[in-house]
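> sequence and predicted model, in that order:
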Amino acid sequence: MKIKIRKGDKVVITAGKDRTKTGVVERVLSKSGYVIVRGLNVVKKHVKVSKKNPGGGMAEIAMPLPASKVMLICPNCNKRARVRYETRGKEKNRVCKKCSKVITIKVEKGKKDGEN
């Protein structure tokens, strides 16, 4: 499944309990077709006592959403937009269908998942 949403994109949720809320994509699960949006679709989960979490208790975790239930917000025109691909030379770029401008997102370089 080809997902046109990438890590760092600003998206709006189109269905579910967090409908019309916006957030930034933290992670894309391309094999299953899901995305995790920071601070949205949050559930409470019971956590056991461990070295990492000495107090145990309840933790709030952002759960994955189907990629079809989120829509990209174009950074150029600030509107919900569909995306198409264009090849210019050897580059393959994502292009907003509303304003026809190339979508470029700078992803924060930091720790990978699971690193301390």
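The structure has been received and is ready for your questions.
> quick one: which helix or strand includes the residue positioned nearest the centre of the chain?
Nearest to the geometric centre of the chain sits residue 25, at 2.1 Å (CA atoms, centre = their mean). Applying DSSP states H and E as the criterion places residue 25 in strand 22-29.
> now that strand: how far from the chain's centre is it?
In terms of CA atoms, centre = their mean, to the nearest Å, the gap separating the centre of strand 22-29 from the centre of its chain is 2 Å.
> and what of stretch 30-43?
On CA atoms, centre = their mean, the centre of stretch 30-43 falls 6 Å from that of its chain.
> follow-up on the earlier one: check the gap between the residue nearest to the centre of the chain and residue 64 for me.
11 Å (CB to CB, to the nearest Å). Where you see a C-beta, it was placed from the backbone N, CA and C, and this is true even at glycine.
> please enumerate the shared neighbours of the two.
Among the neighbours of residue 25, those also in contact with residue 64 (CB atoms under 8 Å, 6 or more residues apart in numbering) are 35-36.
> what segments of this protein are strands?
10-13, 22-29, 34-37, 42-47, 57-62, 65-66, 70-72, 83-88, 91-96 (DSSP state E).
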